[in-house]
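S.K.: structure here, sequence nowhere to be found:
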Ligand SMILES: Nc1ncnc2c1ncn2[C@@H]1O[C@H](COP(=O)(O)OP(=O)(O)O)[C@@H](O)[C@H]1O
Ligand SMILES: CC(=O)OP(=O)(O)O
Ligand SMILES: [Mg+2]
């Protein structure tokens, strides 16, 4: 009798990177994880960490990796070195992060040709993300055509948003004809982190109202009432809302036609400006919060301005979502910046004592990979740091959807 396959490979394909993890869903353990970055450049780098059986040294490869297909083949080779190759009969499914699922995909979905066509149709509203997600799926299909490939959508968690939050106040016929509305992104992270925050507080997700601040290279805030998203800061595309590494977040939409009329820029040029040459990088030339803090500490004025604009926007969204929720149990920081940058957490919460929000300096300074409360005991609202795990959440959803099918 053959054993039931319980392993899931998760691929999180970004515009120029692939993050991946191989998990065994029998016990939720991680067997390997890694990252391919700077795909398409001469300085591509793959870092692969075997984690099973006590783990092993992280292995690195550098040198040109031209596209996502080549990246995934390199990942497959590294996994094979550890005896975890993609040809393994223990592999049950491959789970993919897909950023834009439009209105149609509210749940994880087994990929077929029609699903691929729909993800392709959504490329114009996620131009940095959906093409990479598609390449990841197609390459994985070519390597293991017999396995279910599951798409887990960033937009899915936000489909519970009420119309009042999802609608832009523009002409209804025009908006509906072009499916223009607020979709929201990073939903897998917002769902996972809001649930883990309830657990940290010793409550059920249904019992708590949480403001989640996902601050990575892309950044978004969400208001989660009793486990359901009621508002989020990203909109039609992942450009709206918070200040990000290279994206502007909120701007007056008139900026775009002003640039067209006055500066003679094309729509594509404005797209690149707002998505790739704005945000922290546009304000000070750096998008890494570590480097920005280092410059601020040295007295660099442009870095200080970038930091202040970033914090001001973040604080506005905390206030806005406090008002949307009415009662807040926790404000929680997650993703690369949220989990690691104590000065960002301190500055974003500073001055909000009247809202019951405060950060304890000693607790905030602790470096840890564990979920933790960083507010003082007297504070009415908990402030917390909860590491996100989009890959684990994607693996769980992928396995839940396919285990029955594979075993049948
Ligand atoms: N120790 C740290 N201190 C401050 N910021 C950090 C630290 N480590 C990572 N970051 C920030 O996290 C960002 C990456 O976050 P991440 O969630 O991995 O983003 P993404 O998934 O969008 O690639 C980096 O660009 C950097 O700004
Ligand atoms: C949707 C989005 O912004 O994703 P990322 O943060 O991975 O760029
Ligand atoms: Mg991310």
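M.R.: Everything's here; your move. Note that this is a predicted model, so its numbers are computed, not measured. Ligands and ions are numbered 1, 2, ... in the order given.
S.K.: got any ranges where this protein has weak pLDDT?
M.R.: Residue ranges of the chain with pLDDT under 70: 1-2, 404-408.
S.K.: okay, and the residue of it found nearest ligand 1 sits in which element?
M.R.: At 2.0 Å from ligand 1, residue 336 is the closest residue in the chain, using C-beta to the nearest ligand atom. C-beta here means a position set from N, CA and C on the backbone, and glycine is covered the same way. Here residue 336 sits within helix 335-340, counting by DSSP states H and E.
S.K.: how close does residue 160 sit to residue 21?
M.R.: Applying C-beta to C-beta, to the nearest Å, the value for residue 160 to residue 21 is 27 Å.
S.K.: in terms of neighbours, single out the busier of the two.
M.R.: In terms of neighbours (other C-beta atoms under 10 Å), residue 21 is the more surrounded of residue 160 and residue 21; the figures are 23 against 17.
S.K.: for the more buried one, give the beta-bridge partners.
M.R.: Beta-bridge pairing for residue 21 (DSSP bridges): residue 10, residue 33.
S.K.: ranges for the strands of the protein?
M.R.: In the chain, the strands defined using DSSP state E lie at 7-13, 18-24, 29-37, 45-50, 59-62, 91-98, 109-110, 149-153, 209-215, 219-225, 228-232, 330-334, 372-373, 382-385.
S.K.: ok, and the closest non-adjacent residue to residue 195?
M.R.: residue 205 (5.1 Å; C-beta to C-beta, 6 or more residues apart in numbering).
S.K.: ok, now residue 399?
M.R.: With C-beta to C-beta, 6+ apart as the measure, residue 25 is the residue that lies nearest to residue 399, at 4.2 Å, once sequence neighbours are left out.
S.K.: now do residue 120
M.R.: residue 134 (6.2 Å).
S.K.: from residue 185, how far out is the one you found?
M.R.: From residue 134 to residue 185 the distance is 16 Å (C-beta to C-beta).
S.K.: ok, now which ones touch residue 259?
M.R.: Counting by C-beta atoms under 8 Å, 6 or more residues apart in numbering, residue 259 makes contact with 265, 270, 273.
S.K.: sorry, back to before: run a quick neighbour tally on the residue nearest to residue 195.
M.R.: 17.
S.K.: for it, give its distance to residue 193.
M.R.: Residue 205 is 11 Å from residue 193, where distance means C-beta to C-beta.
S.K.: and for residue 376?
M.R.: Here residue 376 is placed at a distance of 22 Å from residue 193 (C-beta to C-beta).
S.K.: compare the two (neighbour count), which wins?
M.R.: Between residue 376 and residue 193, residue 193 has the larger neighbour count (other C-beta under 10 Å), namely 32 against 13.
S.K.: near ligand 1 at all, whichever helix in the chain runs longest?
M.R.: Ranked by residue count and defined by DSSP state H, the top helix of the chain is helix 301-325. No - if you take C-beta under 6 Å from any ligand atom as the test, helix 301-325 misses ligand 1, and the best it gets is 10.4 Å.
S.K.: any buried residues in that helix, and which?
M.R.: The neighbour-count check on helix 301-325 (16 or more other C-beta atoms under 10 Å) flags 303, 306-307, 309-311, 313-315, 317-318, 321-322, 324-325 as buried.
S.K.: touching that helix from outside, list them.
M.R.: When contacts are defined by C-beta under 8 Å, 6+ apart, helix 301-325 is touched by residues 165, 209, 211, 213, 215, 221-223, 225, 230-231, 233, 241-243, 249-250, 280, 283-286, 292-293, 295-296, 328, 331, 343-344, 347-349, 351-352, 355, 357.
S.K.: just the buried subset of these, please.
M.R.: The neighbour count (16+ other C-beta under 10 Å) marks 165, 209, 211, 213, 215, 221-223, 225, 230-231, 233, 241-243, 249, 280, 283-284, 286, 292-293, 295-296, 328, 331, 344, 347-349, 352, 355, 357 as buried among these.
S.K.: so which of these are also by ligand 1?
M.R.: Subset of the buried ones among the contacts of helix 301-325 in contact with ligand 1: empty, counting by C-beta under 6 Å from any ligand atom.
S.K.: what's the spacing between the closest residue to residue 15 other than its chain neighbours and ligand 2?
M.R.: Distance criterion C-beta to C-beta, 6+ apart; nearest residue to residue 15, sequence neighbours excluded, is residue 128 at 4.5 Å. Residue 128 is 7 Å from ligand 2, where distance means C-beta to the nearest ligand atom, to the nearest Å.
S.K.: same question for residue 217.
M.R.: Residue 217 is 5 Å from ligand 2, where distance means C-beta to the nearest ligand atom.
S.K.: re earlier: out of the contacts of residue 259, which comes closest to ligand 2?
M.R.: residue 273 (17.0 Å).
S.K.: who's in contact with that closest one?
M.R.: Listed by C-beta under 8 Å, 6+ apart, the contact partners of residue 273 are 259, 265, 282.
S.K.: residues making contact with stretch 278-288?
M.R.: Contacting residues not belonging to stretch 278-288 are listed as 217, 243-249, 273, 289, 292, 295, 300, 302-303, 305-306, 309-310 [C-beta under 8 Å, 6+ apart].
S.K.: repeat for stretch 238-247
M.R.: For stretch 238-247, the surrounding residues in contact (C-beta under 8 Å, 6+ apart) are 99, 126, 128-129, 182, 185, 215-221, 232-235, 248-250, 274-283, 287-288, 309-310, 313-314, 317.
S.K.: that one and ligand 2, any residue contact?
M.R.: Yes - contact of stretch 238-247 with ligand 2 (C-beta under 6 Å from any ligand atom) involves residue 238.
S.K.: for the residue nearest to residue 16 when sequence neighbours are not counted, list the residues it contacts.
M.R.: Sequence neighbours aside, residue 39 is the residue nearest to residue 16 in space, at 5.1 Å (criterion: C-beta to C-beta, 6+ apart). Listed by C-beta under 8 Å, 6+ apart, the contact partners of residue 39 are 16-18, 65-68, 70-71.
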